[in-house]
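**Q** 3D, please:
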Amino acid sequence: MHAAPAAPAAPLAFHGGLAGALAPFAVFLAGVGALAARGAPDEKGFWPVLVAACLTGLALARDRARWSDAFLDGMAQRVVMLMLCAWLFAGILGTVLGASGFVAALARVVGEAGLPGGVYVAAAFVACAVVSGATGTSFGTILLCGPVLYPAGAAAQAAPAVLMGAILAGATWGDSVSPLSDTSIASSGTQGVDLAGTVRRRLAYAVPAGLAALVASAALAGGDGAAVPASLAPRAAGAAAPLRALWLGTVPVACVALLLSRRHLVEALLAGVALSIALGLALGVLAPSDVLRIDATRYAATGVVVQGMERAVGVIVFTLLLTGLVATLQATGALGRVVAAVGVRARTPRAAEGWLVAMTSAAVVLTTHSVVAILAVGETARQVGAAQGIDGYRRANLLDLTVCTWPFVLPFFLPTILAAGATRGAEAAGMPPLSPWAVGMHNSYAWALVVTIVVAVVTGYGRGGVARR
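**A** Residues are numbered from 1 along each chain as shown. Just a heads-up that it's a prediction; the model follows:
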């Protein structure tokens, strides 16, 4: 005798209905906006805001035990655990590359070559675009390229915010056109069209926006860079960087090669950590005490492994709290109801596309997750768009391009936080740490994409073909 299947759990209810469910996010967005207006601290500065948002949600929930369970389930998602591990191991890798003198040696080469800021920023944009496009991961690209390319930009006197914005922009461009990207797979799948055709059609939007972004970043690159010595220290300011440390540049290349061979991101980063430490010790640019050092008087341990993992603490706590909060909203089913309600108002192709972009923007801001946003609005976009004769490729690309804008601009999304985190520890090279707000505002590709989407919807550029149901 088989047990009857369990009935689906009732939606999580809040006092005040939908307004109560959205209240924690209003607290969160207001707090983050206020902090951003005052200079936006690092991720740790957002912790109190998130705690206040969580307290608001708990207070308004009709069933606080259910709210707590949903909160914990959100934090326990596999994709969340993947990113936490990636940040931990990438933090170690970045710290090793800095402590070994690789970044200083790269900066020395850039300074001696006399590269102007614009050329260096353009090269950084292209390099990140290639890596992101080939691997399908903007996060992995930021983790691998940011801690290397950002500090070395000091020797080219590149404007710090423009340079990091270009690194993020290149990673964004590659993610937006890669057939390996999870958003490409989700957008084409929800609209019932093939992946290859979707990406081919996307180039009509992404290439012009990418070229405009590349030119803009290069033009702005030399505006406020501070002059630094051509030779930078691997451990102490003023010492010449040993060029043999450049051999550690093979480590990010090896990581990218592993990703291209479809190896797991965690596997690639762990292999990079092991290879970087082994090379550093073999080349004599790292001492065993640099890897792990015990301070018996303070009962503490330090070294590149400990320091690297400590760099990831801020973004890890932020991510856990935010994903838990988002899960409580998803448990209400409110997002699906809102999407369905606004979808019926579209009565022309232009209106349908406008609603599609607006719904996707709202979903990605509320959930802070690109794939979740696409899945949330995908079926409504399919039905409403097909009813207005908008073909599946167009619908899929509007979904995908929209989620490649706001998460790469606004300061409470993981890409901007991650990119800002990559600027930590670059002070010795003459480059300041940046806030997520400063990095996002200088993402030239994301802003070019916003303009491209508006023009495409208003003018109908790229619209056409037979609707696929």
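**Q** ok, Arg424 - how many residues close by?
**A** 18 (other C-beta atoms under 10 Å). Glycine gets a C-beta too; all of them are placed from N, C-alpha and C.
**Q** Quick check, it in contact with Pro432.
**A** No - Arg424 is not in contact with Pro432 according to C-beta atoms under 8 Å; the separation is 10.1 Å.
**Q** average pLDDT for the strand or helix carrying Tyr150?
**A** Following DSSP states H and E, one finds Tyr150 within helix 138-152. In this model, helix 138-152 carries a mean pLDDT of 82.
**Q** Buried ones in stretch 349-358, by neighbour count?
**A** For stretch 349-358, the buried set under the neighbour-count rule, 16 or more other C-beta atoms under 10 Å, comprises 349-350, 352-357.
**Q** Check stretch 198-210 too.
**A** 198-199, 201-202, 205-206, 208-210.
**Q** Export it to CSV, keeping only CA atoms.
**A** The C-alpha coordinates for stretch 198-210 follow below in CSV (Å, rounded to 0.1, in the frame of the first residue of the first chain):
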residue,chain,number,x,y,z
THR,A,198,19.0,32.5,-29.8
VAL,A,199,22.6,33.4,-29.4
ARG,A,200,23.0,34.2,-33.1
ARG,A,201,20.1,36.6,-33.0
ARG,A,202,21.5,38.1,-29.7
LEU,A,203,24.6,39.3,-31.5
ALA,A,204,22.6,42.0,-33.3
TYR,A,205,22.0,43.7,-29.9
ALA,A,206,25.2,42.7,-28.0
VAL,A,207,27.8,43.6,-30.5
PRO,A,208,26.9,47.2,-31.1
ALA,A,209,26.4,47.7,-27.3
GLY,A,210,29.8,46.0,-26.6
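**Q** Excluding chain neighbours, what is closest to His442?
**A** Gly165 (2.6 Å; C-beta to C-beta, 6 or more residues apart in numbering).
**Q** quick one: contacts for the one you found?
**A** 217, 439-444 (C-beta atoms under 8 Å, 6 or more residues apart in numbering).
**Q** try 10 Å this time
**A** Counting by C-beta atoms under 10 Å, 6 or more residues apart in numbering, Gly165 touches 121, 125, 159, 213, 216-217, 220-221, 408-409, 416, 419, 434, 438-447.
**Q** likewise Tyr120?
**A** 110, 113, 149, 152-158, 163, 166, 218, 221-222, 225 are the contacts of Tyr120 under C-beta under 10 Å, 6+ apart.
**Q** now do Ala218
**A** Ala218 touches 116-125, 158, 162, 166, 444, counting by C-beta under 10 Å, 6+ apart.
**Q** Check which helix or strand Pro252 maps to.
**A** Going by DSSP H and E, Pro252 is in helix 250-260.
**Q** Please enumerate residues in contact with that helix?
**A** Taking C-beta under 10 Å, 6+ apart as the rule, helix 250-260 contacts 90, 93, 96-97, 100, 102, 130-131, 134-137, 140-141, 143-145, 147-149, 180, 263-265, 267-280.
**Q** Let me know the secondary structure of Ala156.
**A** With DSSP: H, G, I helix; E, B strand; the rest coil as the basis, the three-state label of Ala156 is coil.
**Q** and the closest residue to it other than its chain neighbours, helix, strand or coil?
**A** Leaving aside its chain neighbours, Ala156 sits nearest to Tyr120 (3.8 Å; criterion: C-beta to C-beta, 6+ apart). Local secondary structure at Tyr120 is given as helix here, using three-state DSSP.
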